[in-house]
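Undergrad: with the input below, show me the fold.
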Amino acid sequence: RAALGAVELALRDSGILEDAQQRDKWRTIDGHIDLDWVGGPYAWEVVRELLHFAENPDTGTIEPGELLTGINALGELNAVWLDGVRVRFRPFRPIGLTPGRIAMWRHPDKDEQHGDAIGEQLA
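TA: Residues are numbered from 1 along each chain as shown. Model (predicted):
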C-alpha cells in the first residue's frame, strides 16, 4: 500500500494523468499493482515523468534512486518498481502528451542520455 500511495501522490503532484479518463487500479494475483486509464499519456511518458519527479529530493514522495523502471517483453517502459512492488501502467487508446506538456517536463540533456541507455538495452 505504501508503494501505491507514493506512486499515486507522485502522479497527482506531477499532473501527468490530468487528461486521462476512467482511471482504475487493481492488485494483480502476484501482489503487484496495475493502473489503467483511457486516453491520456502513453505508459512510457508516465514512467519518464515519474523518474524526473523522483530525481527532485524536495518532493517528499519518492526519494532519489528509490524508483526503478520496468520494461515489458517488447522492451517498452511500462512500469516502475518501488519497495519491491511493480506498478504497471496500462493505457487504453492513449493520445500522448501535448507538445507543450512534453516541453514542460523534458530535460533535453538528460533525455539524450536516457534515450541512448534505453536504445542500448533494446539492441
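
Undergrad: okay, and for this structure, where does confidence drop off?
TA: 1, 59, 98-123 (pLDDT under 70).

Undergrad: tell me which residue lies nearest the centroid of it.
TA: For the chain, the residue nearest the mean C-alpha position is V47 (2.2 Å; Cα atoms, centre = their mean).

Undergrad: and that one, how far from L68?
TA: 10 Å (Cβ to Cβ, to the nearest Å). Placement of C-beta: from N, CA and C, glycine included.

Undergrad: do a quick rundown of the strands in the chain.
TA: For the chain, the strands defined by DSSP state E cover 21-27, 33-38, 68-71, 77-82, 85-92.

Undergrad: what about the first one, distance to the chain center?
TA: Distance of strand 21-27 from the chain centroid (Cα atoms, centre = their mean, to the nearest Å) equals 14 Å.

Undergrad: which helices and strands sit right next to it?
TA: strand 33-38 (3 or more Cβ pairs under 8 Å, 6 or more residues apart in numbering; DSSP states H and E).

Undergrad: list of residues touching stretch 8-28?
TA: Outside of stretch 8-28, the residues within contact range by Cβ atoms under 8 Å, 6 or more residues apart in numbering are 4, 33-41, 45-46, 49-50, 53-54, 59, 61-62, 88, 91, 95, 97, 105.

Undergrad: follow-up on the earlier one: surely the residue nearest to the centre of the chain is in contact with F89?
TA: Yes - counting by Cβ atoms under 8 Å, V47 touches F89, with 6.9 Å between them.

Undergrad: can you work out which residues contact both of these two?
TA: N78, A79.

Undergrad: buried sites along stretch 49-64?
TA: Neighbour counts over stretch 49-64 (16 or more other Cβ atoms under 10 Å) mark E49, L50, L51, H52, F53, A54, T59, T61, I62 as buried.
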